[in-house]
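turn this into a structure:
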Amino acid sequence: MNLYNTEHEALEPLRPTGRAVGLYVCGITPYDTTHLGHAFTYAVADVLVRHLESQGLPVRYVQNVTDIDDDILGKAADVGEDWRALGNRWTAHFIGDMQQLNIRPPDHYPRATDVIPDIVTAAAALVERGLAYVSGGSVYYAVGACPAFGRLSHLSRPEMLPVANARGNRPHDPRKRDPLDFVLWQAQAPGEPAWPSPWGPGRPGWHIECSVMSARYLGPTLDVHAGGTDLIFPHHECEIAQSEALTGRAPFVRCWLHTAMVEHDGAKMSKSLGNLIMVRDLLQRWSADALRLYLSRHHYRRPWSHDLDVLAQADRLAAKLRTAVTLTGGSGNSLDGTGAEAGFTAALNDDLNTPEALSRLEGLADAILAAAQSGHDVGAAQAVLRRLAEVLGLVLDRAEVEARVIEGWRAHLGRFTVTPATR
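Prediction:
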């Protein structure tokens, strides 16, 4: 399988470092979820996992929950709710949406507050190695100590600062030596939760959370690290700087896979703009299969805009697929579906080309409908159609989503009824 590696700006063969493909996908900050952009990223990851598994490659999949950062604390203050209760409530909401969409759960679903001691240890190691410094009870990574900083985003230094500032950087923080330096450990502000550290009470910075969680569950080198293109800089760039310094191993990630932004009303769909299309609302009108097909109509690297007409087309396709897989054929010659299967697999092997794979799936459905009408045996072709539809996460005529989806997410949900301890 070839995937586009953001770092090298080229298609490259996926070559796992071990028996299983190690996949890490940046998860949600748990509030105001699940919008269509979230669904796109996690549906893409789901198709990747399902495809690899269908080809005999096991996947060790980790997705995190950013349950402590500036945004979650700001939202909790705005709505007058405890930050832990807010995060648990919205995580449960997100899990419910993933179950309805038949999106496979990750094998590990850690939240940042699960690994606070490891984060403190990591920050201390970076200070000891001269790559970070303590200032006013906070710890900052010194970007100037990383000559390769920018190799993922391909941004020049003058280009970096405005992008970082738009995504949470505080350039005028008086404790910083450089406006681009990023926080590893943030000193406690009045009224904020905090954990003990050698530098006083505080909480982790955003970027170090993912470095620590990915290392705990996948080791020093990830085969694939995925997330939206809005995470390339500064988040993923900072992960590289921290992780390679901590482990002494490069590359931190063998393939960086980034999903394009989903737009609505002419702008990127985002919480800050208030132009979100929520999955829960769409599911009141459209089936989960319609939404999964709608998402798969778009290649993961190409930005796209929400379009109800295209969603309606996906709904009609879902109905066609259900008909094709359930109708009764005749006793004539058997329809061969192996060509469609080969084309479908080749499309996904080519940079996860879901639009082409979907075209092959629809072509097989059309062939089944025509063959059945002519009295041919379509049983073998229907079995192929079911296999391919499962790779795209479709339920078809089943009464419920897959048991592993329900049970796997339910197991994760149980951990989010317990609030993490703070000082």
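
quick one: the strands in the stretch 51-200 of the chain?
Applying DSSP state E, counting those that start in this stretch to the stretch 51-200 of the chain gives strands spanning 59-63, 132-135, 138-141, 182-187.

show me what the first one is packed against.
The criterion is 3 or more Cβ pairs under 8 Å, 6 or more residues apart in numbering; DSSP states H and E, and the helices and strands that strand 59-63 contacts are strand 21-25, helix 36-54, helix 206-218. Yep, even glycine has a C-beta here, placed from its N, CA and C like the rest.

need the contact partners of it.
For strand 59-63, contacts defined as Cβ atoms under 8 Å, 6 or more residues apart in numbering pick out 20-27, 42, 45, 49, 52-53, 104, 106-110, 213-214, 217-218.

next SSE after the worst-scoring helix or strand of the chain on mean pLDDT?
In the chain, no helix or strand scores lower on mean pLDDT, DSSP states H and E than strand 267-268, which sits at a mean of 84. Next in sequence after strand 267-268, counting helices and strands by DSSP states H and E, comes helix 279-282.

quick revisit: adjacent strands (with direction) for the least confident helix or strand of the chain?
strand 262-264 (antiparallel) (DSSP bridges).

any idea of the mean pLDDT for the partner strand?
Regarding strand 262-264, the rounded mean pLDDT is 94.

show me where the stretch 301-423 of the chain dips below the pLDDT cut-off.
Applying pLDDT under 70 to the stretch 301-423 of the chain flags the ranges 418-423.

can you rerun that using 50?
Low-confidence segments of the stretch 301-423 of the chain, defined by pLDDT under 50: 420-423.

show me the helices in it, by range?
For the stretch 301-423 of the chain, the helices defined by DSSP state H, counting those that start in this stretch occupy 308-326, 338-349, 354-373, 379-391, 403-413.

ok, which of these comes nearest residue 144?
Residue 144 sits nearest to helix 403-413 of all the helices of the stretch 301-423 of the chain, at 39.6 Å, using Cβ to Cβ.

list the buried ones in that closest one?
Judged by neighbour count (16 or more other Cβ atoms under 10 Å), helix 403-413 contains these buried residues: 405, 408-409, 412-413.

check these and tell me the two furthest apart.
Once Cβ to Cβ is applied, the buried residues of helix 403-413 give 405 and 413 as the farthest pair, at 12.3 Å.

give the contact list for residue 118.
212, 216.

rerun that using 10 Å as the cut-off
Counting by Cβ atoms under 10 Å, 6 or more residues apart in numbering, residue 118 makes contact with 204, 208-209, 211-213, 215-216.

ok, residue 416 next?
So residue 416 contacts 30, 65, 67, 84, 87-92, 94-95, 109, 111 (Cβ under 10 Å, 6+ apart).

TSV for these, including neighbour count, distance to residue 163 and pLDDT?
TSV is the format used below for those (neighbours: other Cβ atoms under 10 Å; distance: Cβ to Cβ, whole Å; pLDDT from 0 to 100):
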residue	neighbour count	distance to residue 163	pLDDT
30	25	25	95
65	26	25	98
67	26	25	96
84	20	31	96
87	28	27	96
88	22	32	96
89	15	32	96
90	22	27	97
91	24	28	97
92	15	33	97
94	23	27	98
95	22	31	98
109	24	29	98
111	21	27	96
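
nearest to residue 379 among those?
residue 95 (36.6 Å).

buried residues in stretch 382-400, which are they?
So stretch 382-400, judged by 16+ other Cβ under 10 Å, has buried residues 382, 384-385, 388-396.

with stretch 161-177 instead?
Buried residues in stretch 161-177 (16+ other Cβ under 10 Å): 161, 163-164, 168-169, 175-176.

in helices only, show me those residues.
Using DSSP state H, the subset of the buried residues of stretch 161-177 located in helices is 161, 163-164.

for the residues you listed, which one is nearest residue 401?
residue 163 (38.3 Å).

ok, that closest one touching residue 229?
No - the pair residue 163 / residue 229 is not scored as a contact, 11.6 Å apart, by Cβ atoms under 10 Å.

residue 100: neighbour count?
18 (other Cβ atoms under 10 Å).

contacting residues for it?
Counting by Cβ under 10 Å, 6+ apart, residue 100 touches 34, 279-280, 283, 287-288, 291, 401, 405-406.

buried ones only from these, please, as a ChimeraX command.
Selection of buried members from those for ChimeraX, criterion 16+ other Cβ under 10 Å:
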select :34,279,283,287,288,291,401,405
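
can you redo the contacts of residue 100 as TSV with distance to residue 199?
Shown next, in TSV, are those (distance: Cβ to Cβ, whole Å):
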residue	distance to residue 199
34	36
279	41
280	41
283	46
287	52
288	47
291	46
401	46
405	42
406	44
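
out of the contacts of residue 100, which is nearest to residue 367?
residue 287 (23.3 Å).

setting aside sequence neighbours, what's the nearest residue to the closest one?
In this structure, residue 287 finds its nearest non-sequential neighbour in residue 318, 5.9 Å apart by Cβ to Cβ, 6 or more residues apart in numbering.

you'd agree the one you found is up against residue 294?
Yes - between residue 318 and residue 294 a contact is recorded at 9.2 Å, counting by Cβ under 10 Å.

pull up the overlap in contacts between the two.
Shared contacts of residue 318 and residue 294 (Cβ under 10 Å, 6+ apart): residue 286.
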